[in-house]
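S.K.: This is the structure alone, sequence omitted:
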């Protein structure tokens with residue numbers, strides 16, 4: 001899908017701390033924004049000027065109406081990091097599974113926000129959360145939908161306007177939620193961002209003007225690979241839960 005074909009964008013996690021910035025950034029770019037929410041009254045209080053669609057991200061049957069007519073989906077959802085493995089599976093991973101299932105192979109553009117350190121095996125109490133986020137990445141790559149996967153650094157208030165895109169999941173640094181939102185939305189407008197996974201950090205400098213050139217600084221993921229280009233070989237597929245390998249088999253269009 002080329003950028004000119006993107007018109008209506010579904011934002012998953014729209015009332016979250018990053019999702020609200022995504023909604024605003026998408027509106028600034030002229031997209032018709034549809035916010036996927038669980039609580040309509042709360043959503044209308046914080047997002048008064050966008051279309052609201054109520055659904056349960058953990059229930060694929062409720063998502064059918066949410067995806068009707070959308071050209072792109074931006075995922076910014078996530079469970080509380082103090083949750084347990086079942087919650088991470090159901091929300092961080094299951095939310096992606098269910099939206100892809102509701103799309104029924106329609107070739108929509110997808111921008112998925114995960115996190116730095118998803119390939120590391122030494123994340124302590126965050127390991128479960130990050131492993132399920134990485135599994136959502138793998139599922140999206142297997143689907144062969146045109147995607148961009150953004151792994152932001154830790155969140156801090158905006159201090160500089162420059163952005164650094166890294167790959168291999170070995171870097172560290174911070175970025176603001178507003179900058180992350182801008183990158184997710186801008187990725188929908190650039191063919192240079194398609195099929196790519198990168199970490200995102202803020203650096204000193206000016207806000208990017210030429211986004212195609214910025215995205216072009218990264219390498220595309222290897223076709224038919226479930227992992228991002230330059231990722232470390234961790235989380236072996238043959239040791240994954242049957243639920244995960246079954247989902248990959250279902251969505252695998254490589």
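M.R.: Now that the structure is in, tell me what you want to look at. All values reported here derive from a predicted model rather than from experimental measurement. Residues are numbered from 1 along each chain as shown.
S.K.: Now do the same for residue 142: helix, strand or coil?
M.R.: helix (DSSP: H, G, I helix; E, B strand; the rest coil).
S.K.: where's residue 53 relative to residue 74, distance?
M.R.: Computed as CB to CB, to the nearest Å, the residue 53 to residue 74 distance reads 14 Å. Every residue, glycine included, has its C-beta placed from N, CA and C.
S.K.: What's opposite the residue most central in space within the chain in the beta bridge?
M.R.: By CA atoms, centre = their mean, the chain has its centre lying nearest to residue 112, at 1.3 Å. Beta bridges link residue 112 to residue 75, residue 149, judged by DSSP bridges.
S.K.: Report the contact partners of it.
M.R.: Residues in contact with residue 112 (CB atoms under 8 Å, 6 or more residues apart in numbering) are 75, 96, 136, 137, 140, 147, 148, 149, 150.
S.K.: My assumption is that residue 197 lies in a helix; please confirm.
M.R.: No: counting by three-state DSSP, residue 197 is not found in a helix; it is strand.
S.K.: which residues touch it?
M.R.: 137, 148, 149, 151, 167, 221, 228, 229, 231.
S.K.: Give me the buried subset of those residues.
M.R.: 137, 148, 149, 151, 167, 221, 228, 229, 231 (16 or more other CB atoms under 10 Å).
S.K.: Tabulate the residues you listed in CSV, adding columns for secondary structure and pLDDT.
M.R.: CSV is the format used below for the buried ones among the contacts of residue 197 (DSSP: H, G, I helix; E, B strand; the rest coil; pLDDT from 0 to 100):
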residue, secondary structure, pLDDT
137, helix, 98
148, strand, 98
149, strand, 98
151, strand, 98
167, coil, 98
221, coil, 98
228, coil, 98
229, coil, 98
231, coil, 96
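S.K.: Taking the residues you listed together, which two end up most distant?
M.R.: Largest separation among the buried ones among the contacts of residue 197 by CB to CB: 148 and 231, giving 15.5 Å.
S.K.: My read is that residue 130 contacts residue 117, right?
M.R.: Yes: between residue 130 and residue 117 there is a contact at 5.8 Å, judged by CB atoms under 8 Å.
S.K.: Perfect, I'm done here.
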